[in-house]
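Visitor: take a look and give me a structure for this.
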Amino acid sequence: MLAVLITLTPGRRNKFIDWQKAKVRIAVLPIMDVKTRWNSTLELLERGYRLQEFTREWLQNPKYSEYWPQFTSQDEWTIVKYVMEVLRPFRHWTLWMSKRHPVTLHHVITVYKDMFDHMDGVMRALAKKKTPWKEDLFFAVMLARQKLSEYYAEVTPNTGMLLISAHILDPFRKLRSFRQWDKGMNINPEDEISYTTQYQEAFLKYVKNEYCAKHRRVPVNKLETIPSSNLVPSATALGSYQSSFDPYDLSSDDEEYLTPNNVAETTRGRSDCAARLLTAASVYLKSPPEAPKNWVRINPNLNDYHSDPMEISGTFWIPDITDWWRQQEEMHSKYGELSNVARDIFSIIAHGVGLEASVSLGRDVIGWRKSKTTGETLREKVVVRQFS
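Guide: Predicted structure coming up:
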């Protein structure tokens, strides 16, 4: 409420800014609303916590003393500070995953694990607390963990093979994370029921079905079955000819076009390529993870409101796996055949920030002084904003 009162008029906003200029390098206003975007709640709380001294000075003005009951008490600031400590690691991960360069897809499973570990730690710290606000926070974190579990339940060989493959194709981890999971559950990584074995077999099957199968059978037209008089059709025949095959129609009537067994042959070159690819994948999985020359481990809890989150996120991507795979391809190493698979998978962006930003236009289009905007006007503004 105080954020709205402070920014209600231009005079109030300018006065609040002037009080800050003598003490801080960059003067800011309180955030009035939580946008439907990543880290928006944390940013609102951090801004309020940062401006508490200036807000207190603003309220000491006799003109605004009537708003003192709205000011946050010391106990409430303690709650705010605790909530910020819970949310800061999530900003670390969202900044991590929202980058477009370099690749991010191979970190998704690792981020899931780190988020689970963080929430489990918060719940253990709050489990025996009897203070009402701590009980409420425990319940909120528990519900958040349940929602995260629903998302992670989709990461299976049947529905999440893309994430599993990207994680395995990280040469500095490979199957190490899955082995750690198995050890934590007292499961032998070599057992059939282990994560390591299941994901390893699923990855090999994926490579075999999606890449090797393309090299095995190639349609080859046998020229002796085609009359020589029809090799060069006339202009009339070309103009009147209409194909009955629709490439977008995968009905059973077109099986002869999709699986031309009567004219297909196995070419030795392509068969050898498929064999080399499978061999490269098997050797890659059996070899230990690579040892990175540079490895930076960032403590997400140090990502506080005094630091620039974008500067902190600048060192997230050491080492660079794309550079490693490019070297394998250029040097024709034993993993060279697998580099095409890595290139295809790592070209996929792991997030949908652009889509979310397009959907979350509400407060950007309708300001606090445009509360009477009609639905038709709002739609027109959104269209103009998107295509201007």
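Visitor: quick check: longest helix of this structure.
Guide: helix 74-97 (DSSP state H).
Visitor: could you pull up phi and psi at S177?
Guide: For S177, the backbone dihedrals (degrees, to the nearest 10) come out as phi -60, psi -40.
Visitor: quick one: the helix or strand following the longest helix of the chain to helix 74-97, angle?
Guide: Downstream of helix 74-97, the first helix or strand assigned by DSSP states H and E is helix 108-126. Following axes from the mean of the first three to the mean of the last three Cα atoms, to 10 degrees, one obtains 160 degrees for the angle between helix 108-126 and helix 74-97.
Visitor: residue numbering should commence at 49 henceforth.
Guide: Happy to do that; since the first residue is 49 now, the last one works out to helix 156-174.
Visitor: output the contacting helices and strands for helix 156-174.
Guide: helix 122-145, helix 180-200, helix 209-216, helix 224-232 (3 or more Cβ pairs under 8 Å, 6 or more residues apart in numbering; DSSP states H and E). In short, each C-beta sits where N, CA and C put it, glycine included.
Visitor: what residues does that helix touch?
Guide: For helix 156-174, contacts defined as Cβ atoms under 8 Å, 6 or more residues apart in numbering pick out 134, 137-138, 141, 144-145, 182-183, 185-186, 189-190, 192-193, 196, 200, 203, 211-212, 214-215, 221, 225, 348, 398.
Visitor: before we move on, the earlier item: now the helices and strands packed on helix 156-174 as a markdown table including distance to R95, mean pLDDT and mean neighbour count?
Guide: Putting those into a markdown table (distance: least, Cβ to Cβ, whole Å; pLDDT from 0 to 100; neighbours: other Cβ atoms under 10 Å) gives the following:
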| stretch | distance to R95 | mean pLDDT | mean neighbour count |
| --- | --- | --- | --- |
| helix 122-145 | 11 | 87 | 16 |
| helix 180-200 | 21 | 93 | 13 |
| helix 209-216 | 34 | 91 | 22 |
| helix 224-232 | 36 | 89 | 16 |
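Visitor: next, format those helices as a markdown table and append distance to A329.
Guide: Formatted as a markdown table, the helices and strands packed on helix 156-174 follow (distance: least, Cβ to Cβ, whole Å):
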| stretch | distance to A329 |
| --- | --- |
| helix 122-145 | 26 |
| helix 180-200 | 25 |
| helix 209-216 | 9 |
| helix 224-232 | 16 |
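Visitor: which one of those helices lies nearest to V432?
Guide: Closest of the helices and strands packed on helix 156-174 to V432 is helix 122-145, at 29.6 Å (criterion: Cβ to Cβ).
Visitor: what helices or strands is the closest one leaning on?
Guide: Partner elements for helix 122-145 (3+ Cβ pairs under 8 Å, 6+ apart): helix 88-98, helix 156-174, helix 180-200, helix 357-360.
Visitor: how much space separates the residue nearest to M209 when sequence neighbours are not counted from K334?
Guide: With sequence-adjacent residues excluded and distances taken as Cβ to Cβ, 6 or more residues apart in numbering, M209 is closest to Y254, at 5.6 Å. With distances taken as Cβ to Cβ, to the nearest Å, Y254 is found 17 Å from K334.
Visitor: what stretches of the protein score poorly on pLDDT?
Guide: For the chain, the stretches with pLDDT under 70 are 82-84, 146-150, 262-319, 341-366, 398-419, 433-436.
Visitor: repeat that for 50
Guide: Within the chain, the stretches with pLDDT under 50 are 264-315, 343-344, 346, 350-355, 357-358, 360-363, 401-403.
Visitor: care to break it down by domain?
Guide: 49-120, 400-436 (automatic domain parsing).
Visitor: with mean neighbour count added, can I get those in TSV?
Guide: Shown next, in TSV, are the domains of the chain (neighbours: other Cβ atoms under 10 Å):
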stretch	mean neighbour count
domain 49-120	14
domain 400-436	11
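Visitor: buried sites along stretch 246-260?
Guide: Residues of stretch 246-260 classed as buried by neighbour count (16 or more other Cβ atoms under 10 Å): 246-248, 250-252, 254-255, 259-260.
Visitor: hmm, I typed the wrong one, I wanted stretch 164-171.
Guide: 166-167, 170.
Visitor: quick one on the thing from earlier: out of the domains of the chain, flag the one nearest T152.
Guide: With Cβ to Cβ as the measure, domain 400-436 is the member of these nearest T152 (11.0 Å).
Visitor: and H155, how far from F164?
Guide: 15 Å.
Visitor: then R172?
Guide: Distance from R172 to F164, by Cβ to Cβ: 12 Å.
Visitor: what does P117 give?
Guide: P117 is 41 Å from F164, by Cβ to Cβ.
Visitor: same thing with E238?
Guide: Counting by Cβ to Cβ - E238 and F164 are separated by 25 Å.
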